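1. I would like the atomic coordinates for the input below:
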Amino acid sequence: MAHVIITPHSLSWVLLTITVTLAIFSGLVTPQWLLGPKLIAYANGTMYMLPSVGIFSRCTKLHDQKHCAIFATDGLATANTIFPTFWKAALLLISLGLAVMVFTVMAAVLSCCVQSVYKKSIFTVTGSVQAIAGLLYLLGLICYAAGWGSGRVQRLCGKEAAPFSIGDCSIGWALYITVIGIVLTFVTSWLSVKAEKTTSSDEVSDHVERGETLVCLL
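-> Residues are numbered from 1 along each chain as shown. Reported below is the predicted structural model:
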């Protein structure tokens, strides 16, 4: 008989797993990683924008309006002068990490009803996979920073831009979100251990032995 078991730690783990995955995804698809040093006027000078660049997209002034688009029009086959090699690696690593985290989201939701798979705790197995996703994210972020010496970044941030140095640019909110998301990904991995302990506690066992199919210790 399946038992639905919810504890503060397990619920926090599920919600944080979902939130972190969405945060990393939003950061990846947003061209607000690096902000240019100069404001660009548009719309009769009444509004301003900072030119920006992400991993595979950018925002700039085009026909007196803000224009954001993907510059990696041919995917990974895009010329390295347009889509730096390090950024291709960053896109691959972060995308792979996201794919792994989507799997853990499904596993985390399933953990409310299924606490073990093939006699292995679904919490600890999923937590280990989340740690792997965090490492993929971290490697992707390092690759992105290594690509700051590319011609694309130097045109935006000045000739002083170099690997791991953004020159005259500033960090955009998407990069901050991604960094926070990476840290919280490792937190979810740690929280999975706490969730496993609370769902297998003596208090939960007592409720299960009494025949309760819904155990909610909130």
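
2. Phe187 and Trp148, how far apart?
-> Rather than Phe, residue 187 is Val. Separation of Val187 from Trp148 (Cβ to Cβ, to the nearest Å): 27 Å. C-beta: built from backbone N, CA, C; applies to glycine.

3. residue contacts, the residue nearest to the spatial centre of the chain?
-> Computing the C-alpha centroid of the chain and ranking residues by Cα atoms, centre = their mean puts Ile24 first, at 2.0 Å. Applying Cβ atoms under 8 Å, 6 or more residues apart in numbering to Ile24 gives the contacts Ile94, Gly97, Leu98, Met101, Tyr137, Ile177, Thr178, Gly181, Ile182, Thr185.

4. hmm, back to that, which one of Val187 and Trp148 has more residues nearby?
-> Trp148 (23 against 16; other Cβ atoms under 10 Å).

5. related to what we said a few turns ago, go through the contacts of Ile24 and name the one nearest Ile166.
-> Taking Cβ to Cβ as the measure, Ile166 lies nearest Thr178 of the contacts of Ile24, at 14.7 Å.

6. I'd guessed the closest one sits against Leu138; true?
-> No: look at Thr178 against Leu138 with Cβ atoms under 8 Å: they stay out of range, at 10.3 Å.

7. Would you mind telling me which of those two has the busier surroundings?
-> Each of Thr178 and Leu138 has its neighbours counted (other Cβ under 10 Å); Thr178 has more, 26 against 18.

8. so who does the more buried one touch?
-> Counting by Cβ under 8 Å, 6+ apart, Thr178 has contacts Ala23, Ile24, Gly27, Leu28, Trp33, Ile94, Tyr137, Leu141.

9. so what's it scoring on pLDDT?
-> Listed pLDDT for Thr178 reads 95.

10. Which parts of the chain are strands?
-> Using DSSP state E, the strands assigned to the chain run over residues 4-6, 34-35, 40-42, 47-49, 52-53, 57-62, 65-70, 116-117, 120-121, 170-171, 214-216.

11. Show me the shaky parts of this protein.
-> 1-5, 39-48, 63-64, 114-118, 199-218 (pLDDT under 70).

12. Please report how far Ile182 lies from Ile24.
-> Here Ile182 is placed at a distance of 8 Å from Ile24 (Cβ to Cβ).

13. overlap in contacts of these two?
-> By Cβ under 8 Å, 6+ apart, Ile182 and Ile24 have these common neighbours: Tyr137.

14. For Phe186, give its distance to Trp87.
-> From Phe186 to Trp87 the distance is 23 Å (Cβ to Cβ).

15. what about those two, which has more around it?
-> Comparing Phe186 with Trp87 by neighbour count (other Cβ under 10 Å), the higher total belongs to Trp87, at 28 against 18.

16. Now for the residue lying closest to that one once chain neighbours are set aside, how many residues are close by?
-> Distance criterion Cβ to Cβ, 6 or more residues apart in numbering; nearest residue to Trp87, sequence neighbours excluded, is Gly147 at 4.7 Å. Residues lying near Gly147 (other Cβ under 10 Å) number 21.
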